[in-house]
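> make a model of this:
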Amino acid sequence: MPSTLTPPPETLTPPGADDRCDRCNAAGKLRIMITGERELVFCGHHANRYADDLAKITIRYATEPDFTWRGAELLS
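Just a heads-up that it's a prediction; the model follows:
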């Protein structure tokens, strides 16, 4: 049986072209994982607008390469 490669659990993939913001349906720029292994996707506007609150509940996050999330500095 062929083996299947899966990313380790600590890896989170950046939003893809089809991922839409959970708040406004714009293109996703940030994917966060919160408790219960649930994922949320946000556009750049909403990701930075709610950065303070999102950073409090984020376990892991991934962004598109050209996007800088303001919440990243709060997590470090």
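
> list the contacts for Ala47?
Counting by CB atoms under 8 Å, 6 or more residues apart in numbering, Ala47 touches 29-30, 54, 63, 67, 69-71. (C-beta placed from N, C-alpha, C; glycine too.)

> does the residue most central in space within the chain have beta-bridge partners, and which?
In the chain, the C-alpha nearest the mean C-alpha coordinate belongs to Arg31, at 1.3 Å (CA atoms, centre = their mean). Bridge pairing for Arg31 (DSSP bridges) gives the partners Val41, Ala62.

> hang on, it packs against Thr58?
No - contact criterion CB atoms under 8 Å: Arg31 and Thr58 do not qualify, at 10.1 Å.

> thinking again about what came up before, ranking by neighbours, what's the top pick from the contacts of Ala47?
The most neighbours of any of those, using other CB atoms under 10 Å, belong to Leu30, which has 27 neighbours.

> report the separation between it and Lys56.
15 Å (CB to CB, to the nearest Å).

> next one: Ile34
10 Å.

> send me the one helix or strand Glu73 maps to as CSV with only the CA atoms.
Here Glu73, judged by DSSP states H and E, is contained in helix 72-75. C-alpha atoms of helix 72-75 as CSV (Å, rounded to 0.1, in the frame of the first residue of the first chain):
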residue,chain,number,x,y,z
ALA,A,72,2.2,37.9,14.8
GLU,A,73,4.1,40.4,16.9
LEU,A,74,1.7,39.9,19.8
LEU,A,75,2.3,36.1,19.8
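
> mind giving me the packing neighbours of it?
Using 3 or more CB pairs under 8 Å, 6 or more residues apart in numbering; DSSP states H and E, the elements in contact with helix 72-75 are helix 51-57, strand 60-63.

> run through the chain and note the low-pLDDT ranges.
The model of the chain has pLDDT under 70 over residues 1-10.

> repeat that with 50
By pLDDT under 50, the weakly predicted segments of the chain are 6-7.

> could you report the neighbour count for the closest residue to Leu74 other than its chain neighbours?
Once flanking residues are discounted, Leu74 sits nearest to Ala55: 3.9 Å by CB to CB, 6 or more residues apart in numbering. When neighbours are counted by other CB under 10 Å, Ala55 registers 18.
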